[in-house]
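1. no sequence on hand, only this structure:
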């Protein structure tokens, strides 16, 4: 069944509701909604999903009431947030219009996730508006919460969005079927038109098409028959137009057709891996300066077969810039030690040395060359991997003016003999020096919390590794033997209570494409806990915010899995309100060096805060009423959000599950925060 939504009619139905709000607010809201309408009407691909989203936007905006405290300055701040979220929806429609047909088809799942996220953001901003506009009408605010969490209503919305997605896919398939069918009559106009919209560079287009066909033939992806016929027809047509030889595809070939480029990963400015999505999965992207350099690194990386070396997934030599795909990054080893209560440094250093030993025992030996904390990662299982093997600054797609500064930023981990003579060849001993610096760095992080803690094994190792004379430094095998001597069984146990990162959905954040200086760091807790009224302790927290300027935070994406006490143990009525929720706090150091919660009542007037508690928190999620099913809830705060604007360098973001009044319980299963900062 097709999706039939008259977006103009939806706009006309909500316009009187918005017009009832006094100016200038009414005019601002109507203008913002008008811009969304125009973008949706001009949509080409995925237009049915955008129509469903627009209808939901209008439905949500109908809930707005005339302000009772119109003169309050906090109302204007909530209006700004509401308009910013509407502009994000407009920007999505525009970005989909600029995306080529096949990229839109391959990434349809990601588009659906983005639409769902934007709808959640709009609900949040409408709640903020009601909170500031209806200061005397708490019952109406509760009614709005109930509307937002209406299961039947949300189920219908999900079904509409799914139907719209299927309709978009049918229309896309019909378009390419018509293009292929027209070839039998000797007409190529339809096919040529589609090919022109895909990519102006015919080499990139034919390479991408060929790579998709090969991936289908090897079983890595599944393509429908009309798509296969179109790809083959497109390849033949391009070869006919160019009159050149058939493009040879390597087993590792990937193109920008399949890849969505994201933001830089890691809080360290020496980290060059960019987040990305490849056929619906999270990946890391390393952009290189030219095709020749890319091929050289492919030859190095594709033969490295160790679970302690970051995996090579593929590469493109035809795109601009060319790039290499690797397994997604996690917390760096330094970040892991910062957020872990009792990290096992000995085990981490041992795993690092086993990775280095693997590289140094290849034939010929592989020297990392730029080993540092930013390229040593720890995943959600506590496993360590080393990435960016052999990667040099001058081989990256980095502006020439930044190369000198970046090279100097790596001097801390660079052996003295290389600093004295930059032209000197890399050697395994220079990697050992870098290991010593990393070990010293990790010890220093621990000493910030526990100044008197001793490291009788690691401290001498760090000193030996950083010897000035390269010949005095121990080899990788020797270091492994020292670290393995009398290794207690307890050292083999993973820090299962540590705050660990996750690679899942790391690039679901929106609005960050082409932002070259933004980086993301994940913080995760997966411990089952129960929160009642008397509990007020945090569940997961970030490391102190770092980056450029006084306000480096740019975006915060949160996912929690939780539920309340359920219907069986609930005596309250829905009209009494919902009393389980999730909220955020900002912890800031005072003059005495102690962290205190920022008073958000003053900082974020007019925004949703903790419900009937001290106004120092920012409420982001209200749980469904009397529902004992563990559900995943997501919230996304972008750079326009007042909470993001208030966060300062050095602040810690803390997530608090909450419950209030006897009988209300918040059962937590997991929580994940992706913290995006500008470096």
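-> That came in fine, so what should we check first? Please read all numbers here as calculations on a predicted model, not as lab measurements.
2. my guess is residue 378 contacts residue 330, does it?
-> Yes: using CB atoms under 8 Å, residue 378 is in contact with residue 330, at 6.0 Å. Just so you know, the C-beta spots here come from the backbone N, C-alpha and C atoms, and that holds for glycine as well.
3. show me how far the lengthiest strand in the chain is from its chain's centre.
-> Determined from DSSP state E, the single longest strand within the chain is strand 666-678. Here strand 666-678 is found 12 Å from its chain centre; the criterion is CA atoms, centre = their mean, to the nearest Å.
4. now do stretch 581-596
-> 25 Å.
5. buried set for it?
-> The neighbour-count check on stretch 581-596 (16 or more other CB atoms under 10 Å) flags 581, 582, 583, 584, 585, 586, 587, 588, 595 as buried.
6. any idea of the mean pLDDT in it?
-> Rounded to a whole number, the mean pLDDT of stretch 581-596 is 88.
7. now the terminal residues of that stretch, how far apart.
-> 22 Å (CA to CA, to the nearest Å).
8. contacts for that stretch, please.
-> 538, 541, 556, 558, 560, 562, 597-598, 600, 609-611, 616-623, 633, 635, 643, 646-648, 650-658, 666, 671 (CB atoms under 8 Å, 6 or more residues apart in numbering).
9. pretty sure residue 222 is touching residue 216, no?
-> Yes: using CB under 8 Å, residue 222 is in contact with residue 216, at 6.8 Å.
10. which pLDDT value belongs to residue 83?
-> Looking at residue 83, its pLDDT is 85.
11. so what's the residue nearest to it when sequence neighbours are not counted up against?
-> Excluding the flanking residues, the one nearest residue 83 by CB to CB, 6 or more residues apart in numbering is residue 32, at 4.7 Å. By CB under 8 Å, 6+ apart, the contact list for residue 32 reads 83, 86, 87, 90.
12. again, but for residue 41
-> By CB under 8 Å, 6+ apart, the neighbours of residue 41 are 7, 8.
13. residue 258 versus the residue nearest to residue 83, what's the distance?
-> 34 Å (CB to CB, to the nearest Å).
14. kindly report the same for residue 352.
-> Applying CB to CB to residue 352 and residue 258 gives a distance of 33 Å.
15. equivalent analysis for residue 447, please.
-> Relative to residue 258, residue 447 is positioned 46 Å away (CB to CB).
16. about what we covered before: tabulate the buried residues of stretch 581-596 in CSV, adding columns for distance to residue 627 and secondary structure.
-> As requested, the buried residues of stretch 581-596 are exported to CSV (distance: CB to CB, whole Å; DSSP: H, G, I helix; E, B strand; the rest coil):
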residue, distance to residue 627, secondary structure
581, 13, strand
582, 15, strand
583, 19, strand
584, 22, strand
585, 25, strand
586, 30, strand
587, 31, strand
588, 35, strand
595, 34, strand
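17. now render the residues you listed as a markdown table, adding distance to residue 62.
-> Output for the buried residues of stretch 581-596, formatted as a markdown table (distance: CB to CB, whole Å):
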| residue | distance to residue 62 |
| --- | --- |
| 581 | 24 |
| 582 | 26 |
| 583 | 27 |
| 584 | 29 |
| 585 | 33 |
| 586 | 34 |
| 587 | 38 |
| 588 | 39 |
| 595 | 42 |
